[in-house]
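S.K.: Model the structure of this input:
(one chain, ligands or ions: 1)
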Amino acid sequence: MTQQTAFPEGFLWGGATAANQLEGAYNEGGKGLSIQDVMPNGLMTPPTAEPTPDNLKLKAIDYYHRYAEDIALFAEMGFKVYRFSIAWSRIFPNGDDAEPNEEGLAFYDRVLDELEKYGIEPLITLSHYETPLNLARSYGGWSNRKLVDFYVRYATTVFERYKDRVKYWLTFNEVNSILHEPFLGGAIEKSREEITEQELYQAIHHIMVASARATKEGKAINPDFQIGCMVIAIPRYPLTPKPEDAFKALRETQLDAFFGDIHVRGAYPNVLLRELREHGVELEITDQDLEDLKNTVDFVSFSYYMSVAESTNPSAETGHGNIMGGVVNPEIKQSEWGWGIDPIGLRYALNTMWDRWQKPLFIVENGLGAVDKLVDGTVHDDYRIAYMNDHLVQVEEAIKDGIPIMGYTSWGCIDLVSASTAEIKKRYGFIYVDLNSDGTGSLERYRKDSFFWYKEIIATNGASLKR
Ligand code: BG6
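M.R.: Below you'll find the predicted structure:
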């Protein structure tokens, strides 16, 4: 019997990574420091003055030297697309340099050579939580309008360089994370409690303008570019049927979504304007900014890991491990890191985003962070296979709902250092990397059971999913 699949022909199956979490070589090839180089514990402790040896990201999985071997493994799985980020500080080591660093550009040329060898489409994130440290420490990060020009110069430089080799671009990873994590998302060295609403929203405005201006420049360089925004998708369900809880869930959803609204509609939504007024925030917005914002995106990409519940009850359990707020939903299981596992939430997110924005959607992160055990050269990660299978079944349902979905790149397709906790024991990959928390390990790569499972899913365009 022929197996059925609703995944369209040309669906972009693949995996995703970020430079700071896998490249290592933090001071090689003319690279400058990025904010990640002073975050040895991710979000768990404040940044350090300088890089410290306990920061696993300095070495990471040494992709900088092993990219060819790793891309060959992606090709073996049949990847159609590979999402990765360019480390901004490899191209402009201090962020404000007059000229780009040729060695940094040449590195990504070599990466693109490998991808071309196997016919894998690149999908590049321009800024994935790795702003040059100098822009944080000398300029105050995105609070400073000067970052708009620095970012646009960086974006234009890489657009020009790779214009005939790369079609798909994302401007800022998880752009809405800044609401909760000002340093990670905005290179502003203040905690959420320290930063004023005025400063936070001005920084967000600068990011929105930078993204729109980069989109405009990119389209001028190559009109065939497909440029997308990237948001955290996190369905927020009311904890109870109380209207107050339902409304709280709605309002929090709207506040997450305004980043996408601006990217897609080119203007601030009214809900946000009210929020700003009530916080006494008066943004500096120029007429040119308003014009620039009209350069909207071609598609919306997003990460999806979990859903949460919302409650007006102050004693509702907030749980742990989630930077995006909300309370624990007792109806779903949590991962070992306290992230609420909810495959239907992915279909829910796809539907709400399509209803809201009517733009093609691209799932550019999804996956299970878990502890893996290497036994006889492999990992029996049936838990990861089950997680991904169940999520992909819901993607297929969303396709049947009539939603245009461009592709699916699972997060951390090769084990890499975690963003929130900077650990290696929280693994997402199809490929196991022999690296331990103390930095020891051979860095050898091993195919997990999920490697062969995903290969089959791609080969059958989703027909082999267990429904
Ligand atoms: C997203 C980020 O938040 O989630 C990635 O874009 C990150 O950089 C991923 O790695 C998973 O989070 P964590 O904390 O498990 O690495």
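S.K.: Now Asp355: which helix or strand?
M.R.: helix 343-357 (DSSP states H and E).
S.K.: Output the contacting helices and strands for that helix.
M.R.: Packing partners of helix 343-357 (3 or more C-beta pairs under 8 Å, 6 or more residues apart in numbering; DSSP states H and E): helix 243-265, strand 299-304, strand 361-365, helix 382-400. C-betas here are computed from N, CA, C, even on glycine.
S.K.: What residues does the chain have near the ligand?
M.R.: When proximity is defined as C-beta under 6 Å from any ligand atom, the chain approaches the ligand at 18, 21, 129, 173-174, 303, 365, 369, 411, 418-421, 426.
S.K.: Mean pLDDT and mean neighbour count for the helices and strands packed on helix 343-357 - can I get that in CSV?
M.R.: CSV is the format used below for the helices and strands packed on helix 343-357 (pLDDT from 0 to 100; neighbours: other C-beta atoms under 10 Å):
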stretch, mean pLDDT, mean neighbour count
helix 243-265, 96, 18
strand 299-304, 98, 24
strand 361-365, 99, 26
helix 382-400, 98, 19
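S.K.: In TSV: the ones you listed, plus distance to Thr312.
M.R.: Output for the helices and strands packed on helix 343-357, formatted as TSV (distance: least, C-beta to C-beta, whole Å):
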stretch	distance to Thr312
helix 243-265	5
strand 299-304	25
strand 361-365	30
helix 382-400	29
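S.K.: Quick check: which of these is nearest to Val328?
M.R.: Val328 lies closest to helix 243-265 among these, at 13.7 Å (C-beta to C-beta).
S.K.: chain center to that closest one: distance?
M.R.: Centroid separation for helix 243-265 versus its chain: 19 Å, with C-alpha atoms, centre = their mean, to the nearest Å.
S.K.: Now do that helix and helix 343-357, the angle between them.
M.R.: With axes from the mean of the first three to the mean of the last three C-alpha atoms, to 10 degrees as the basis, helix 243-265 and helix 343-357 are set at 60 degrees to each other.
S.K.: could you say what helices and strands helix 243-265 packs with?
M.R.: Using 3+ C-beta pairs under 8 Å, 6+ apart: helix 243-265 touches helix 197-221, strand 226-233, strand 236-238, helix 270-278, strand 299-304, strand 308-310, helix 343-357.
S.K.: so how far is Ala212 from Val175?
M.R.: Here Val175 is placed at a distance of 12 Å from Ala212 (C-beta to C-beta, to the nearest Å).
S.K.: nope, Glu130 is what I meant
M.R.: Relative to Ala212, Glu130 is positioned 21 Å away (C-beta to C-beta).
S.K.: Kindly report the same for Leu361.
M.R.: In this view, Leu361 and Ala212 are 20 Å apart by C-beta to C-beta.
S.K.: and what of Gly32?
M.R.: From Gly32 to Ala212 the distance is 26 Å (C-beta to C-beta).
S.K.: what's near enough to touch the residue in the stretch 1-150 of the chain that the ligand sits nearest to?
M.R.: Minimum separation of the stretch 1-150 of the chain from the ligand (C-beta to the nearest ligand atom) falls at Ala18, amounting to 4.9 Å. Counting by C-beta atoms under 8 Å, 6 or more residues apart in numbering, Ala18 touches 84-85, 125, 128-130, 173, 416, 419.
S.K.: what's the burial count for the spatially closest residue to Arg66 that is not a sequence neighbour?
M.R.: Setting aside the residues directly before and after it, Arg66 is nearest to Leu443 in space (C-beta to C-beta, 6 or more residues apart in numbering), at 7.3 Å. Neighbours of Leu443 under the rule other C-beta atoms under 10 Å: 16.
S.K.: quick one: the helices in the chain?
M.R.: According to DSSP state H, the chain carries its helices in the segments 19-22, 63-77, 88-91, 102-118, 133-137, 146-162, 182-186, 197-221, 243-265, 270-278, 287-292, 343-357, 382-400, 449-459.
S.K.: now the last one and helix 63-77, what's the angle there?
M.R.: Which is helix 449-459. Using the same axes, to 10 degrees: helix 449-459 against helix 63-77 is 60 degrees.
S.K.: Check which residues of helix 449-459 are buried.
M.R.: 450-451, 453-455, 457-458 (16 or more other C-beta atoms under 10 Å).
S.K.: I appreciate the help and will end here.
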